[in-house]
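**Student:** Quick check, what structure comes out for this input:
(one chain, ligands or ions: 1)
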Amino acid sequence: MYKLPQLQYDYGALGAYISADIMQLHHSKHHQTYVDKFNAALDSVPELKERALEDLLSNLGSLPESVQTAVRNHGGGHYNHSLFWQWMSPTGGGEPTGALANAIIERYGSFQNFVDEFTTKSLAVFGSGWCWLQPNMDIVTTANQDTPIMHGGAAPLLGLDVWEHAYYLDYKNKRDDYVQAWWNVVDWEFVSSRM
Ligand code: MN
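**Tutor:** Below is the predicted model:
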């Protein structure tokens, strides 16, 4: 059975950028619901419990139709959020270094250009979804809880949740303020570790 992962920091640790109220609601309610509904779906087709989460998400079309939507939405939600918590840190922010910095600058010209393009694409997601940095340095978006590995892509280096539940309590309808704040908590060491 899948379990809600522990955060590596307190709900209030991201301070003014993302409040304790949002972190608690997002982690203990939203993510917990993805875990619970994903487990319920797997209970209906127990042989799927022997396959890795990444394998299920990468091969949705091979799953029984009865669970495809639940695995896509709730398995995807569990996968995305399990990473999202790790992409943030109270000691985050700043800029990447090393190979990641070089790859970003080679592709986008500067770190700031990359931030601007990622921000623009995050703001352009209509409704609920995510924005991702892929290992090939592409910036892509997905709807709902879809994740790049569902669409033939590699596992993302970095991702941003732009569902309203991720920011509404703090930022109301101002997704742009949330995205600008989020850059201050990005854990570039973890992002680099995924290259
Ligand atoms: Mn979310």
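
**Student:** Give me the spatial nearest neighbour of residue 146, chain neighbours excluded.
**Tutor:** Counting by C-beta to C-beta, 6 or more residues apart in numbering, residue 146 lies nearest to residue 76, which is 5.9 Å off, once chain neighbours are set aside. C-beta coordinates here come from the backbone N, C-alpha and C atoms, glycine included.

**Student:** Ramachandran coordinates for the one you found?
**Tutor:** phi -60, psi -40 (degrees, to the nearest 10).

**Student:** so where do the strands sit in the chain?
**Tutor:** Taking DSSP state E, the strands of the chain run over residues 129-133, 139-143, 158-161.

**Student:** related to what we said a few turns ago, double-check the residue nearest to residue 146 against residue 150; I have them as touching.
**Tutor:** Yes. The pair formed by residue 76 and residue 150 meets the contact definition of C-beta atoms under 8 Å, at 6.7 Å.

**Student:** between those two, who's got more neighbours?
**Tutor:** Comparing residue 76 with residue 150 by other C-beta atoms under 10 Å, the one with more neighbours is residue 76, at 25 against 20.

**Student:** Please parse the chain into its domains.
**Tutor:** Under the assignment automatic domain parsing, the domains of the chain span 19-86, 98-193.

**Student:** Residue of the protein closest to the ion, please.
**Tutor:** residue 161 (4.2 Å; C-beta to the ion).

**Student:** Now do the closest residue to that residue other than its chain neighbours, the pLDDT please.
**Tutor:** Once flanking residues are discounted, residue 161 sits nearest to residue 84: 5.4 Å by C-beta to C-beta, 6+ apart. pLDDT recorded at residue 84 is 98.

**Student:** count of residues packed around residue 84?
**Tutor:** 18.

**Student:** residues in contact with the residue nearest to residue 146?
**Tutor:** Contact analysis of residue 76 by C-beta atoms under 8 Å, 6 or more residues apart in numbering lists 57, 144, 145, 146, 147, 150.

**Student:** Check the residues you listed and tell me the two furthest apart.
**Tutor:** Pairwise distances across the contacts of residue 76 (C-beta to C-beta) peak at 13.0 Å, for the pair 57 and 144.
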